[in-house]
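Novice: Compute the structure for the input listed below.
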Amino acid sequence: MKINRPWLKQMMMFGLVLMAWISMSAEAGLFGFGGTSWKEEVLLHDGGELL
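Specialist: Below is the predicted model of the structure:
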């Protein structure tokens, strides 16, 4: 398919780049900011906990 309209080709390329950017940043929180925070606790051999 040949596209003779340069603005349409640019809009298609912009759409592809936008979809790729959104799909890559989907796992990193909202646009790469925020995310999940957790605290890891380790049980030591003497029964104590290491935070």
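Novice: make it CA atoms for all contacts and neighbour counts henceforth
Specialist: OK.
Novice: all helices for the protein, in order.
Specialist: Assigned by DSSP state H, the chain shows helices spanning 6-25.
Novice: For it, give me the ranges with low pLDDT.
Specialist: Residue ranges of the chain with pLDDT under 70: 1-3, 25-37, 51.
Novice: swap the cut-off to 90 and go again
Specialist: 1-9, 19-45, 47-51 (pLDDT under 90).
Novice: quick one: residue 14 from residue 20, how far?
Specialist: According to Cα to Cα, to the nearest Å, residue 14 and residue 20 sit 10 Å apart.
Novice: Check residue 45 too.
Specialist: 47 Å.
Novice: Pick out whichever of these two has more residues nearby.
Specialist: Between residue 45 and residue 20, residue 20 has the larger neighbour count (other Cα atoms under 10 Å), namely 12 against 7.
Novice: For residue 44, see how far away the more buried one is.
Specialist: Distance, residue 20 to residue 44, using Cα to Cα: 44 Å.
Novice: Same check on residue 7?
Specialist: Residue 7 is 63 Å from residue 44, by Cα to Cα.
Novice: Kindly report the same for residue 8.
Specialist: Using Cα to Cα, residue 8 is found at 62 Å from residue 44.
Novice: Could you do residue 14 as well?
Specialist: Residue 14 is 53 Å from residue 44, by Cα to Cα.
Novice: and the two? which has more neighbours close in?
Specialist: residue 14 (12 against 9).
Novice: which ones are touching the more buried one?
Specialist: Neighbouring residues of residue 14 by Cα atoms under 8 Å, 6 or more residues apart in numbering: there are none.
Novice: Swap in 10 Å and give it another go.
Specialist: 8, 20 (Cα atoms under 10 Å, 6 or more residues apart in numbering).
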